[in-house]
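Quick one, fold the following:
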Amino acid sequence: MTNNVQKFTLDKVNSFSLSQIILPTQTSNLFPFSVALSANELSIAENCLCSSSVSGSSEQIAAITHSENSAELVVFSDISISLLSKLILACDISLTALTAINDRNNLISYRFAVSVNDLSTARQKLISFAEANNIEAAILLDAPKLDTPGLLVMDMDSTTIEIECIDEIAILAGVGEQVSAVTELAMQGKLDFSESLYQRVATLENASEQILADVAKNIPLMMGLETLITELKKHQWRVAIASGGFTYFADHLKDMLSLDAAYANTLEIVDGKLTGKVLGKVVDANVKAECLTLLSKEYNIPHQQTVAMGDGANDLVMMEAANLGVAFHAKSIVKAKADTAINTSGLDCMIHWLA
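So this is what the prediction gives:
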């Protein structure tokens, strides 16, 4: 079986962005389009709309086969052909087809079916490549679908919000430096989380409950959070927080953002003052994963439609429990084990990782 393709030499198109060559205005029912990219040449199925400003040649080649369940590479429309070529070389993958172009939250992403020898290695190489080149990209396998109800469970501190609440509380309580140093070690996985939490909370003994209210009223939401939640809710997704932080803030966010659930730790407060103790079972890495499992059962969400996002080592078990684990502005240990990462963009970038 053969395909008619348009061929472009890379020296003529290297400086062009992807969307300047493959126009985003494709007819959706014609997907997928055969695509191949080598060190010297870009080949695209002839029925794919390409820019008329760049000359190419028409040839007949053997049809490139791809599986519906093959891995996908997702990149944004502004990536240059040159950088895309370097990306597939660095990650040791090959493009086989263009499967979709999505226009979501004012950004356009391109989804390519790819052949890959070692998915885990390719993903890690991509995370490093993306960070080094200041781009966002993902290699996905059987990605959750946006238009099918799903479940997203997110960490709270430094994920749904820009701050670590316990660090902000500690600053107001006069023990900021002492607590933030312990927080950083815990997020890097260098301290047991529960132990570090008890240690940090103990320093807050006799602090006024008012400092919690002061932090809550000025709590800065992470960029893209509201857009992400709004878009997911349009498609009947469930959205929840599972946090090693505190119910005072998690419940505040649940009410503010109309989240489906929020799990966090409860600070003991007596006579308007913190006692320096945590009530009940600590929401650690394993409990976070249990929250995702419980919610997926409660809402009858299949595993394939589950996503977990976080930035610290205590999010890794939850990310492993989900079909898709996303490291968001994360520590190195998290990026090293995540399915994909968002390095500099807002949370709403995740919408493009969904099929």
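
what about Asn4, neighbour count?
The number of residues packed near Asn4 is 12, by other CB atoms under 10 Å. In this view, the C-beta of every residue, glycine as well, is placed from N, C-alpha and C.

domain ranges for the chain?
Following automatic domain parsing, the chain resolves into domains at 2-140, 151-353.

Pull out the buried residues from stretch 214-231.
215-216, 219, 222, 224-225, 227-229, 231 (16 or more other CB atoms under 10 Å).

Select from the residues you listed every entry located in strands.
Using DSSP state E, no member of the buried residues of stretch 214-231 falls in strands.

which of the domains of the chain is buried the deepest?
domain 151-353 (a mean of 19; mean count of other CB atoms under 10 Å).

could you check the distance from Asp348 over to Ile342?
9 Å (CB to CB, to the nearest Å).

Same check on Glu177?
From Glu177 to Ile342 the distance is 29 Å (CB to CB).

got it, and Cys291?
Per CB to CB, Cys291 is found 21 Å from Ile342.

now Ala261
Separation of Ala261 from Ile342 (CB to CB) stands at 23 Å.

try Val153
16 Å.

where exactly do the helices run in the stretch 101-250 of the chain?
Remark: helices assigned in the stretch 101-250 of the chain by DSSP state H, counting those that start in this stretch are 119-132, 165-173, 176-187, 193-202, 210-217, 225-234, 247-257.

would you list the ones you listed in a markdown table and tack on mean pLDDT and distance to Leu23?
A markdown table is the format used below for those (pLDDT from 0 to 100; distance: least, CB to CB, whole Å):
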| stretch | mean pLDDT | distance to Leu23 |
| --- | --- | --- |
| helix 119-132 | 95 | 24 |
| helix 165-173 | 90 | 46 |
| helix 176-187 | 84 | 43 |
| helix 193-202 | 89 | 49 |
| helix 210-217 | 93 | 47 |
| helix 225-234 | 98 | 24 |
| helix 247-257 | 97 | 37 |
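
now those helices as CSV including distance to Ala338?
Converted to CSV, the helices of the stretch 101-250 of the chain look like this (distance: least, CB to CB, whole Å):
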stretch, distance to Ala338
helix 119-132, 7
helix 165-173, 23
helix 176-187, 14
helix 193-202, 18
helix 210-217, 29
helix 225-234, 17
helix 247-257, 23
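
and of the ones you listed, who's closest to Thr159?
helix 225-234 (8.8 Å; CB to CB).

starting at the chain centroid, how far to the closest one?
Helix 225-234 sits 14 Å away from the centroid of its parent chain (CA atoms, centre = their mean, to the nearest Å).

show me what contacts the residue nearest to Asp315 when sequence neighbours are not counted?
Distance criterion CB to CB, 6 or more residues apart in numbering; nearest residue to Asp315, sequence neighbours excluded, is Asp155 at 5.0 Å. Shown in contact with Asp155 (CB atoms under 8 Å, 6 or more residues apart in numbering): 241-244, 288, 309-312, 315, 318, 328.
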